[in-house]
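Chemist: Quick one: sequence plus predicted model below, questions after.
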Amino acid sequence: MTRLILAGSVVGAALICTPLGAQDKATANTNKDTIMNVTGCLAQGDSKNEYMIKDDSGKSFGLRAETGVDLKAHLGHKVTITGTPMKGKEKVKAGQPEENEHLRVSNLSMVSKTCP
């Protein structure tokens, strides 16, 4: 009788934990897919409040800062930004480099005061 109760408890615990674990894993994957870290040299973008960063692979990102993130103070610095992709693609002005993607920046960490 004790073995039957113990076996039932183990099976019940396994059934309760499985959906929760699957939900956490799905949430973790969703967050991982939407938050990006990019390291590169920060430059002025094609408009007053837009900035641009190019990573080591040559991919460039248009950047818009959330409130409290001062991108302008780090122009010309090598930085790591944390951001989320923005929907849609803006039209590129003639003579301006085209960004591969646009990110809304939530955090900035300075790597170096100079860019190679």
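Modeler: Alright, I've got the coordinates.
Chemist: Which strands or helices does the longest strand along the chain pack on?
Modeler: If you go by DSSP state E, the chain has its longest strand at strand 101-112. Counting contacts by 3 or more Cβ pairs under 8 Å, 6 or more residues apart in numbering; DSSP states H and E, strand 101-112 is packed against strand 36-44, strand 60-65, strand 78-85. Quick note: C-beta positions are derived from backbone N, CA and C, even for glycine.
Chemist: what does the second one contact?
Modeler: Contacts made with strand 60-65 from outside it, assessed by Cβ atoms under 8 Å, 6 or more residues apart in numbering, are listed as 38, 42, 45-46, 49-55, 71, 81, 83, 86, 90, 97-105, 108.
Chemist: List the neighbouring strands of that strand plus their orientation.
Modeler: Strand pairing for strand 60-65, determined by DSSP bridges: strand 51-54 (antiparallel), strand 101-112 (parallel).
Chemist: do the last one as well
Modeler: Strands adjacent to strand 78-85 in the sheet, as given by DSSP bridges, are strand 36-44 (antiparallel), strand 101-112 (antiparallel).
Chemist: Using a markdown table, please lay out those strands together with mean pLDDT, distance to Leu75 and mean neighbour count.
Modeler: Supplementary listing: the strands paired with strand 78-85 in a markdown table, determined by pLDDT from 0 to 100; distance: least, Cβ to Cβ, whole Å; neighbours: other Cβ atoms under 10 Å:
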| stretch | mean pLDDT | distance to Leu75 | mean neighbour count |
| --- | --- | --- | --- |
| strand 36-44 | 94 | 6 | 17 |
| strand 101-112 | 93 | 12 | 16 |
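Chemist: Kind regards, and thank you for your time.
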